[in-house]
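In: Just the structure for this:
(one chain, ligands or ions: 1)
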Amino acid sequence: MKKSMAVLATLLLMAACAYAKNEISIQTKQTQLVLQVKDDGRLYQTYLGERIEGVSDLSVFDMPRLRRSHTLSRGFETYPVLGTEDFFEQALEIQHADGNPTSVLKYVSHEQLAREGYTETIIRLRDEVYPLSVTLHYAAYPDYDVIRQWSEIQHDEKGKVYLGRYYSSMLYFEEDSYFLTEFASNHSKEMQMLSQQLLFGKKIIDSRLGTRAAMFAQPFFEVGLGGPVREEEGTVLMGTLGWTGNFRFTFEIDNNGALRILSGINPDASRYLLARGNVFRTPDFYFTLSNRGLGEGSRRFQRWMLRHQLHMGSADRMTLLNNWENTHFDFNEQSLGALCGEAKSLGVDLFLLDDGWFGNKYPRSNDKAGLGDWEPTREKLPGGVPALVRAANEQGVEFGIWIEPEMVNPKSELAEKHPDWLLRLPERDTYYQRNQLVLDLTNPEVQDFVFGIVDHLMQENPRLKFFKWDANSPITNAYSTFEKDRQGNLFVDYVNGLYSVLQRIQQKYPQLYMMMCSGGGGRSDFEGLRYFTEFWLSDNTDPVERLFIQWGYSQFMPSKAMCAHVTNWNRQASVKFRLDVAFSCKLGFDISLKDMAASDLKYCQQAIAEYNRLKPVIFSPDLYRLVSPYDTPHCALMRVTEDRGHALLFAYDTHPRYGEAIVPTRLRGLDPQSRYRVREICLMEGQKSNLACHGKVYSGDYLMKAGLMVLGRGKLTSHIIELTKE
Ligand code: GLA
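Out: Numbers count the residues shown, from 1 in each chain. Below is the predicted model of the structure:
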């Protein structure tokens, strides 16, 4: 035993010394990050960029690029702590038990371990004076060119130790110019892409909303290095934080023009009291560094999400009919039974019952009461949920249900029974968003309660297939009875409490489909999607707006996770146009079929059959964004299967200008040597394709170099075009 331990230790030591000069190389197929321990015993970033092949002596990274005269002469410390030489924002700030606010981290050891699908580099750092250790983790996925990084912080001090900030990562770049694209949001206006050049000083993107964290800013960014971000060219860093709560990205350009990017939990209002011996694990920061523009970066993230992160990433998805836009709170057992029948006749897989099915003392007939009381309203639904599941199943569709388990209306039995479970400030007026408050998920009793909502429904209805999990309010009155004198821990512990509930659900019901929703797209992060199979992008289902919202999310998210429903928003657009926009994502409907023209209903039925046939293409991560709605009154994108044998081209005209010159759309991602049959699909009954390319065969080379005339001058027109390799 002792001998094998010794062998293991030697192997680890050998790994630790494998690189010259204590250099650590973290690499994927295309990207390389090199860290180095310098003479002062501290760890520095010496290179981050395109992978350099065939280099055996990593000391060539001895900073040819970094020899400028830095005020901070020691270089780019990998994980700088508020210490003795801090000129710029640090990744970590710790106040020790004796009040000393500084730390100095020295390298101790590192190892590189082969994991399933990635290599994990673990680097241990320690303060030589205080019993404080920090471990940096880097998971490099070679085939996907994605790097995931996080850190772990631990101390062994007797008194109170506070973390003032605790970013997940710090990355440095030295380029002539930097251009940031951020994703500004609001309810019904999610993922609006805004770009600006970063100049000297700081730019921060953050959230302090707690539960509905991404309502105003989404946790994604893109930085063009040496030029603005472009779709198919140029070097771009794409980054995101996996944290279903307050996040912060800080972009700081220093006195020498170097860019520092810090990503992590927003430490604002979150001075964290770290108990002795506990490990503070930061959330994961994910990045990809593409030198072929955003398109390549998006494809990497989408492939990686499907393979490594998204819950049930390789499983199928169900088309559905939701009742929210159609009925709001106004339904009963009979009308829902009829809607299940409509779902069947439409041809979707599942009927999803939305808000308004629960509450007896305070029935949920509007959004003012009942939230928290997860008993079906007897008057509306005498047979409870079992009768509804039965009705759906008997008619040949699956059944799904809406819950908002983290929230409560003060007018509810739950709030009356457990006033201490509500986040609410003492001695202050209470501020409500949508007449509701947030439950205190830092409290294990509340975690049990929330888990119990799903567990009870599943025990009672084992055939329930789908949950829509909503969260409509931000944390508005941040005070937890449970956290007592640790109020700074609330926002962080809340999210960890939520994850522990979601983990329990996933362990017990691993096949359950769950949609993450937060008053539209108020939650949309990578960590959340380890538990959810999909997410709701926006309550705004106007197809024109959706083109922008979907364009934004598609930068990072796979189509399989992006729920898009056909509704009555924007009746100027035909049902075909609305459906054709939703068709490129995870398709659903939230519309009354009774009010639909027969020809439209027929179109939907046929389109659903096509959708089912084409899922392998629609859900392919290989997305090519061709014509941006931000640049033109059109939009075009395509998806291609991995073998390049099958592709779909989506072409939309929103509001073309008078006399506008329309040019052919050049396709991408095809095999230039192969020949493809081009066929417009999803036509209305009796409609003939007006595209000259319809029915013809072209080489991939032609399609990518000459292109096809698929955009036009008609307002709100759309074409879905299938390309099949001959
Ligand atoms: C939120 C969701 C909607 C719907 C309502 C129900 O706004 O985004 O889709 O579920 O709640 O109250």
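In: residues near Phe526, how many?
Out: Residues lying near Phe526 (other C-beta atoms under 10 Å) number 25. From N, CA and C alone the C-beta is placed, and that goes for glycine too.
In: Single out the residue in the stretch 151-300 of the chain that lies closest to the ligand.
Out: As assessed by C-beta to the nearest ligand atom, the ligand sits closest to His187 within the stretch 151-300 of the chain, at 8.2 Å.
In: and what of the chain?
Out: Counting by C-beta to the nearest ligand atom, the chain gets nearest the ligand through Asp355, at 3.5 Å.
In: before we move on, what SS does Asp494 have?
Out: Small correction: residue 494 is Tyr, not Asp. Under DSSP: H, G, I helix; E, B strand; the rest coil, Tyr494 falls in the helix class.
In: ok, now which ones touch it?
Out: The neighbourhood of Tyr494, defined by C-beta atoms under 8 Å, 6 or more residues apart in numbering, consists of 210-211, 245, 440-442, 475.
In: can you list the residues of the chain near the ligand?
Out: Proximity of the chain to the ligand (C-beta under 6 Å from any ligand atom) is limited to residues 324, 354-355, 402, 470, 472, 517, 519-520, 536, 539.
In: ok, the residue nearest to the residue of the chain closest to the ligand when sequence neighbours are not counted - how many residues close by?
Out: Counting by C-beta to C-beta, 6 or more residues apart in numbering, Asp355 lies nearest to Trp402, which is 5.3 Å off, once chain neighbours are set aside. Trp402 has 21 neighbours, counted by other C-beta under 10 Å.
In: Might one say that Trp402 is in contact with Asp470?
Out: Yes: at 6.3 Å, Trp402 counts as touching Asp470 under the criterion of C-beta atoms under 8 Å.
In: shared neighbours of these two, anything?
Out: Taking C-beta under 8 Å, 6+ apart as the contact rule, Trp402 and Asp470 both touch Asp355.
In: re the thing from before, and which of the contacts of Tyr494 is nearest Gln45?
Out: Gly245 (27.3 Å; C-beta to C-beta).
In: got the contact list for that closest one?
Out: With the criterion set at C-beta under 8 Å, 6+ apart, Gly245 makes contact with 207, 210-211, 213, 265, 491-492, 494-495.
In: can you redo the residues you listed as JSON lines with pLDDT?
Out: As requested, the contacts of Gly245 are arranged in JSON lines below (pLDDT from 0 to 100):
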{"residue": "Ser207", "pLDDT": "98"}
{"residue": "Gly210", "pLDDT": "98"}
{"residue": "Thr211", "pLDDT": "98"}
{"residue": "Ala213", "pLDDT": "97"}
{"residue": "Ile265", "pLDDT": "98"}
{"residue": "Phe491", "pLDDT": "98"}
{"residue": "Val492", "pLDDT": "98"}
{"residue": "Tyr494", "pLDDT": "98"}
{"residue": "Val495", "pLDDT": "98"}
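In: quick one: which of those residues is nearest to Asn409?
Out: Thr211 (15.2 Å).
In: Could you count how many residues lie near that closest one?
Out: 29.
In: just checking, it touches Pro405?
Out: No: counting by C-beta under 8 Å, Thr211 stays clear of Pro405, with 11.4 Å between them.
In: before we move on, the earlier item: dump the residues of the chain next to the ligand into CSV; add pLDDT as well.
Out: Output for the residues of the chain next to the ligand, formatted as CSV (pLDDT from 0 to 100):
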residue, pLDDT
Trp324, 98
Asp354, 98
Asp355, 98
Trp402, 98
Asp470, 98
Asn472, 98
Cys517, 98
Gly519, 97
Gly520, 96
Trp536, 98
Asp539, 98
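In: Next up, the contacts around the residue of the stretch 151-300 of the chain closest to the ligand.
Out: Going by C-beta under 8 Å, 6+ apart, His187 touches 215, 519-520, 522, 539.
In: same thing but 7 Å
Out: By C-beta atoms under 7 Å, 6 or more residues apart in numbering, the contact list for His187 reads 215, 519-520, 539.
In: Which strand or helix spans the closest residue to Phe280 other than its chain neighbours?
Out: Among residues not flanking Phe280 along the chain, Ile153 sits closest, at 4.3 Å (C-beta to C-beta, 6+ apart). In this assignment (DSSP states H and E), Ile153 forms part of strand 146-155.
In: Of all residues in the protein, which one is nearest the centre?
Out: Asp525 (3.0 Å; C-alpha atoms, centre = their mean).
In: that older thread, filter the residues of the chain next to the ligand down to just the ones in helices.
Out: Among these, the members found in helices (DSSP state H) are Trp324.
In: Return the longest helix seen in the chain as CSV; C-alpha atoms alone will do.
Out: Secondary structure of the chain read by DSSP H shows that its longest helix is helix 598-618. Output in CSV follows, covering the C-alpha atoms of helix 598-618 (Å, rounded to 0.1, in the frame of the first residue of the first chain):
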residue,chain,number,x,y,z
ALA,A,598,-58.5,26.0,-41.3
SER,A,599,-55.7,26.5,-43.7
ASP,A,600,-53.4,27.8,-40.9
LEU,A,601,-54.3,24.8,-38.7
LYS,A,602,-53.5,22.5,-41.6
TYR,A,603,-50.2,24.3,-42.2
CYS,A,604,-49.3,23.8,-38.5
GLN,A,605,-50.1,20.1,-38.6
GLN,A,606,-48.0,19.5,-41.7
ALA,A,607,-45.2,21.6,-40.3
ILE,A,608,-45.1,19.6,-37.1
ALA,A,609,-44.7,16.4,-39.1
GLU,A,610,-41.9,18.0,-41.0
TYR,A,611,-40.4,19.2,-37.8
ASN,A,612,-40.4,15.7,-36.4
ARG,A,613,-38.7,14.4,-39.6
LEU,A,614,-36.1,17.1,-39.5
LYS,A,615,-35.2,17.1,-35.8
PRO,A,616,-31.7,15.7,-36.5
VAL,A,617,-30.9,18.8,-38.6
ILE,A,618,-32.8,21.3,-36.5
